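**Q** Model the structure of this input:
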Amino acid sequence: MGEVAEVAGVGRATVYRYFPNRQALLAELGAHAVTEVGERLRAARIDAVAADEGVRRAIRALIEAGDLIVVLKRAPARPAGDDVSGAVTEPLRALFERGQSSGVIRGDVPASWLADLLVSQVVTALSSEPRLGNDDATAVVTSLLLEGSGANGNGTG
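**A** Predicted coordinates:
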């Protein structure tokens, strides 16, 4: 809490006025992350384009969310499962199911696994060294995911 106060440029007492303990601070951070990441996915309109383009847009949206997606995946006090599911997991799962129905995404892997894999790959790209720029990270994650999830198992077609 002291580090948070220092970074925010306020006293510890001020931080404690808003967040009675570390758990409350982390819970609020998680809730903020869910809202922001969910809004980025909605703004990407992943449900309004072809599935492979939707995957590209989803990856870009999550890469641009930066540390917020890392918080959702790694924070010790994760937000309520229903919140994360409704804002992040379900739209991604639906995207993969749509791609599987159209034959663009391989159907032998559950869509929920593919959604989790997408988020995990983004978190890895954002957390690993050397850190890639957003464009390069988006391209690498997209290539890895679509080439591994293509209908033929070796490409997107």
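**Q** Show me what stretch 54-65 is in contact with.
**A** Stretch 54-65 is touched from outside by 33, 36-37, 40-41, 43-47, 49, 69, 91-92, 95-96, 98-99, 105, 118-119, 121-122, 125-126, 134, 137-138, 141-142, 145-146, with contacts defined as C-beta atoms under 8 Å, 6 or more residues apart in numbering. C-beta here means a position set from N, CA and C on the backbone, and glycine is covered the same way.
**Q** could you redo the last one with a cut-off of 7 Å?
**A** 36-37, 40-41, 44-47, 49, 69, 92, 95, 118-119, 122, 125-126, 134, 137-138, 141-142, 145-146 (C-beta atoms under 7 Å, 6 or more residues apart in numbering).
**Q** Which residue ranges of this structure form helices?
**A** 2-8, 12-18, 22-44, 51-65, 67-74, 81-84, 90-102, 111-127, 134-149 (DSSP state H).
**Q** Can you pull out the low-pLDDT segments for this protein?
**A** 74-85, 148-157 (pLDDT under 70).
**Q** one more time with 80
**A** Applying pLDDT under 80 to the chain picks out residues 1-8, 22, 26-27, 30, 71-86, 148-157.
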